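Asks: okay, sequence plus prediction incoming.
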Amino acid sequence: MEDPALYPNTLTGYPVASQRISNALVGPPLMGWCAALLLTGATWSSAISYYRSNSFGRESKRAKWVIGAVVVFTTASGAISIAETWRWGTLQRRSADDLESTTPLDAIQPIPAVIVGLLVQFVFASRAVPMITNRTVKRLWIAVMGVTMLGGVVGAVLTIVMGFAYANNVAESYLPLNFSIALMVWMHSSTVSDLMITVTLCITLRKRIAGFNRNTDVLLSRLMQLSVESAAYTTCLSLSAAIYSIFTLKTSYFSESAPYAFWIPLPGAYAVSLFATLATRSRLLTSLHAAPTLNFPSGRLSQIDAPPQASKNPSAQHVDHLSAIRVGTGRPPSRTPSPNRPPFNPSKSYASDVQVTIDVESSVEEGMGESEEKKGWDERKRKWNEERLERERSRERERREQWDSALPERLKQGEELV
């Protein structure tokens, strides 16, 4: 016979709910807590990476406080998820009523979600407002956004209050509304806010793609893509929770816990969305302020870091070529040739702050001399090159004048975007 001290009786004598009811009541919250833990880890990874970058030092003090608050409350949500997972995983009283019961820890679960959501929505909304040029539309948009964000706060507060009421065994018949209605108000308001911000950014950015410069258009397209990606996580979760909260208005063991799987991970989803935007912001600003260049003979504006090096093949040095145009350096061209390149004959012309350096390499044929036919060909070639260079310089001056006239406004708009 087995020793009772080593193998005690594990029966508690309490009734146990069926597996189907246990899956319906505990399964969705467990999924939400697991997702919240994963997103908390992703938030910390993104936060540390952003803190080590140069972009964090350029943020304002208010932005740093917002980032810090988002990290703190997301971490609090992860800590609550750990405690909830431990409690519901080790709970021995597993009757249907016990699994349906609410604890004070359950009641405070929405607090980090509403704070993080409100902070991130405020950041995204503050970026969308300057994009609206019509004053009437801007005022209307701010009013509607304020109502939806306020509705989300009211719904979240009601959700917390209802949670504490259930935790203190207050009968639902004495309450003016139930938990599902409060959750539905919160989730629907959050969904509308996220969608409004995303749609506004996409529409306004789309209107600014004018085809003036390919790099600017690519920047605007990337901002549109980033806006959709940033809102995708939170919008999908909020919308799913809002839809499921409608089905939980009729009390049922098999549906009332379903929204928990979607709204519990919301703090981590908002935090990941924010850091994804911040991480891309520095790259977009670098792309925005990069010096536009013009490479002959294509005549297209592009970006380069340095002029192309001369060919190291001596047989190829007889080909006349044009070096890249450096824009906005504020320095005259160097008088000392590079040791890796043959000596050049630089000539310069300025349009605004544009420095155009044209290097023409001429071959010097070795030998006894050149025939008259060769000399005539070289003379025609030299004149053709001079005419070509003059045409290119004229076209470049026109392009630079057009670019310089539009550049301040585009830089101002670009900084507002990112």
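Replies: Thanks, I have the structure now. Numbers count the residues shown, from 1 in each chain.
Asks: can I get stretch 258-271 as PDB, trimmed to CA atoms?
Replies: The C-alpha trace of stretch 258-271 is given here as PDB (Å, rounded to 0.1, in the frame of the first residue of the first chain):
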ATOM      1  CA  ALA A 258     -13.800  35.800 -25.800                       C
ATOM      2  CA  PRO A 259     -12.900  39.600 -25.900                       C
ATOM      3  CA  TYR A 260     -10.200  39.100 -23.300                       C
ATOM      4  CA  ALA A 261      -8.000  37.400 -25.900                       C
ATOM      5  CA  PHE A 262      -7.900  40.700 -27.900                       C
ATOM      6  CA  TRP A 263      -8.000  43.600 -25.500                       C
ATOM      7  CA  ILE A 264      -5.400  42.200 -22.900                       C
ATOM      8  CA  PRO A 265      -2.500  42.500 -25.400                       C
ATOM      9  CA  LEU A 266      -3.400  46.000 -26.400                       C
ATOM     10  CA  PRO A 267      -0.700  47.800 -24.300                       C
ATOM     11  CA  GLY A 268       2.000  45.800 -25.900                       C
ATOM     12  CA  ALA A 269       0.500  46.300 -29.400                       C
ATOM     13  CA  TYR A 270       0.400  50.100 -28.900                       C
ATOM     14  CA  ALA A 271       3.900  50.100 -27.600                       C
END
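Asks: so Thr102: helix, strand or coil?
Replies: Judged by DSSP: H, G, I helix; E, B strand; the rest coil, the three-state class of Thr102 is coil.
Asks: relative to Arg380, how far out is Thr103?
Replies: As defined by Cβ to Cβ, to the nearest Å, Thr103 lies at a distance of 93 Å from Arg380. No exception for glycine: its C-beta is placed from N, CA and C like everyone else's.
Asks: between the two, which has more neighbouring residues?
Replies: Neighbour totals were compared for Thr103 and Arg380, and Thr103 leads with 15 against 10 (other Cβ atoms under 10 Å).
Asks: in space, what's closest to that one - neighbours in sequence excluded?
Replies: Excluding its sequence neighbours, the residue lying closest to Thr103 (Cβ to Cβ, 6 or more residues apart in numbering) is Ala167, at 5.7 Å.
Asks: ok, the one you found - how many residues close by?
Replies: Other residues within reach of Ala167, judged by other Cβ under 10 Å, total 16.
Asks: that one and Pro104 touch, don't they?
Replies: Yes: at 5.0 Å, Ala167 counts as touching Pro104 under the criterion of Cβ atoms under 8 Å.
Asks: quick one: residues contacting Leu150.
Replies: Residues in contact with Leu150, defined by Cβ atoms under 8 Å, 6 or more residues apart in numbering, are Ser189.
Asks: now it: which helix or strand?
Replies: Leu150 is part of helix 135-167, with elements assigned from DSSP states H and E.
Asks: and what of Arg93?
Replies: Following DSSP H and E, one finds Arg93 outside all helices and strands.
Asks: from Val16, how far off is it?
Replies: Remark: distance between Arg93 and Val16 (Cβ to Cβ) = 9 Å.
Asks: residues near Gln58, how many?
Replies: I think there's a mix-up here, since residue 58 is Arg and not Gln. Per other Cβ under 10 Å, the neighbour tally for Arg58 reads 11.
Asks: so for the helix holding Leu150, what gets flagged as buried?
Replies: Burial within helix 135-167, assessed by neighbour count using 16 or more other Cβ atoms under 10 Å, is assigned to 141, 145, 148-149, 151-153, 155-160, 162-163, 165-167.
Asks: what do you get for stretch 57-77?
Replies: If you call a residue buried by 16+ other Cβ under 10 Å, then stretch 57-77 has these buried ones: 66-67, 70-71, 73-77.
Asks: restricting to C-alpha, output that stretch in PDB.
Replies: As requested, the backbone C-alpha atoms of stretch 57-77 are provided in PDB (Å, rounded to 0.1, in the frame of the first residue of the first chain):
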ATOM      1  CA  GLY A  57      18.900  62.100 -27.800                       C
ATOM      2  CA  ARG A  58      17.200  64.300 -30.400                       C
ATOM      3  CA  GLU A  59      13.800  63.800 -28.900                       C
ATOM      4  CA  SER A  60      12.200  66.500 -26.800                       C
ATOM      5  CA  LYS A  61      11.800  66.100 -23.000                       C
ATOM      6  CA  ARG A  62       8.000  65.600 -23.400                       C
ATOM      7  CA  ALA A  63       8.500  62.900 -26.000                       C
ATOM      8  CA  LYS A  64      11.000  61.100 -23.700                       C
ATOM      9  CA  TRP A  65       8.400  61.200 -20.900                       C
ATOM     10  CA  VAL A  66       5.800  59.700 -23.200                       C
ATOM     11  CA  ILE A  67       8.200  57.000 -24.300                       C
ATOM     12  CA  GLY A  68       9.100  56.200 -20.700                       C
ATOM     13  CA  ALA A  69       5.400  56.100 -19.600                       C
ATOM     14  CA  VAL A  70       4.600  53.700 -22.400                       C
ATOM     15  CA  VAL A  71       7.400  51.400 -21.400                       C
ATOM     16  CA  VAL A  72       6.400  51.500 -17.700                       C
ATOM     17  CA  PHE A  73       2.700  50.800 -18.200                       C
ATOM     18  CA  THR A  74       3.400  48.100 -20.800                       C
ATOM     19  CA  THR A  75       5.700  46.400 -18.300                       C
ATOM     20  CA  ALA A  76       3.000  46.700 -15.600                       C
ATOM     21  CA  SER A  77       0.600  45.000 -18.000                       C
END
